[in-house]
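Undergrad: Using only what follows, build the 3D model:
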Amino acid sequence: MQTNLLNSNLAEIKISYSTKVKPSERRKITSSHDCVDAFREIFPVESIELRESFYIMLLNRANMVLGYFRVSEGGLSGTVADPRLIFSVALKTNACSVILCHNHPSGNTQPSSADIKLTKNIVECGKFMEITVLDHVILTVDSFYSFADEGLI
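TA: Okay, here's the model as predicted:
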């Protein structure tokens, strides 16, 4: 007996990821400077000093960039980065690793206690799902802070 799903109260869920970037043209990330250069291309220049935003970069096993995703956009002094959203995107793209990045409109590159706590939480979530958090970068107009370079990841 065949069921008519058009009248069903079950929602179909579709998951997709598509790219127009050929694997041979993907950018390789080998250092914090590589990811900072890439994130500077992503962050809107006109709002880096006005509004805090949180992005992730998704990488394959060879550290080639699969793509990026804006997780959130907040106000002058903060934004929300939901680990569930971060990892749902990572799973959707079959990413093996992620790099976190947000900006500090104040120009201060030092991480807040909330930044450190969030990073530790996301790293632990990633370990459980076998998705490595390679770095968390804090950008300002003319500088950056790398959790990995500072030994915090």
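Undergrad: Look at residue 78 and give its secondary structure.
TA: coil (DSSP: H, G, I helix; E, B strand; the rest coil).
Undergrad: again, but for residue 65
TA: When classified by three-state DSSP, residue 65 comes out as strand.
Undergrad: Now it: closest residue in space that isn't a chain neighbour?
TA: residue 27 (4.6 Å; Cβ to Cβ, 6 or more residues apart in numbering). Any C-beta I mention is one placed from the backbone N, CA and C, and that applies to glycine too.
Undergrad: Show me the helices in this protein, by range?
TA: 32-42, 83-92, 113-129 (DSSP state H).
Undergrad: other SSEs contacting the last one?
TA: Packing contacts for helix 113-129, counted by 3 or more Cβ pairs under 8 Å, 6 or more residues apart in numbering; DSSP states H and E, involve helix 83-92, strand 97-103, strand 132-139.
Undergrad: Give me whichever of those is most buried.
TA: strand 97-103 (a mean of 25; mean count of other Cβ atoms under 10 Å).
Undergrad: quick check: angle from it to helix 83-92?
TA: 140 degrees (axes from the mean of the first three to the mean of the last three Cα atoms, to 10 degrees).
Undergrad: Tell me where the model's unsure across this protein.
TA: Residues of the chain that meet the criterion pLDDT under 70 lie in 1-7, 15.
Undergrad: hmm, back to that, nearest to residue 149, of the helices of the chain?
TA: helix 32-42 (5.1 Å; Cβ to Cβ).
Undergrad: which residue is nearest the middle of the chain?
TA: residue 56 (1.2 Å; Cα atoms, centre = their mean).
Undergrad: wait, that residue sits on residue 72?
TA: No - counting by Cβ atoms under 8 Å, residue 56 does not reach residue 72; the two are 10.4 Å apart.
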